[in-house]
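Novice: Build me a model from this:
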Amino acid sequence: QLDLVESGGGLVQPGGSLRLSCSASSFTVDYYAIGWFRQAPGKEREVVFCMSVNGGVTTYVDSVKGRFTVSRDPAKHTAYLQMNSLKPDDTGVYYCAAAPVSGWDCTDVLSRYDFWGQGTQVTVSS
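Specialist: So this is what the prediction gives:
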């Protein structure tokens with residue numbers, strides 16, 4: 001079920017930055033844990049981050065630490081994935097998803113995410 005709208009992907013050179021946005025058309029993301037996933041060509045989808053309703057962040061991929069951050073803007077009911085110092089290995093389709101878990105809880109289990117975005121392509125290449 002696709003109820004989230006993503007934007008912000010594109011082609012960027014190594015070392016560049018992109019910011020992905022994620023919002024919902026029929027509900028507010030404020031009351032859901034937001035997961036950010038990526039799927040590289042020929043690989044399975046992996047969870048990169050989960051941000052809880054209360055703002056706690058769990059990072060699941062060591063290679064993005066210090067380069068990627070996640071945030072929410074309650075006023076805009078939007079979640080963001082800021083990606084800096086991008087590398088070719090970051091290439092893939094990036095997805096946001098919403099899980100109905102409350103408080104500080106997060107999950108890396110894909111089946112617990114009820115709502116998904118359509119995915120946005122991120123290509124890092126010179």
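
Novice: hey, let's count contacts and neighbours off CA atoms from now on
Specialist: Fine.

Novice: May I see the buried residues of stretch 113-123?
Specialist: Residues 113, 115-123 are the ones in stretch 113-123 that count as buried (16 or more other C-alpha atoms under 10 Å).

Novice: Can you say which helix or strand has Gln121 in it?
Specialist: Using DSSP states H and E, Gln121 sits in strand 120-124.

Novice: Point out where this structure drops to low pLDDT.
Specialist: 1-2 (pLDDT under 70).

Novice: Quickly list what the residue nearest the centre of it is bridged to.
Specialist: In the chain, the centroid-proximal residue (C-alpha atoms, centre = their mean) is Trp36; its distance is 2.5 Å. Under the criterion DSSP bridges, Trp36 forms beta bridges with Phe49, Cys96.

Novice: how close does it sit to Pro88?
Specialist: Between Trp36 and Pro88 the computed distance is 18 Å (C-alpha to C-alpha, to the nearest Å).

Novice: And for Pro100?
Specialist: Distance from Pro100 to Pro88, counting by C-alpha to C-alpha: 33 Å.
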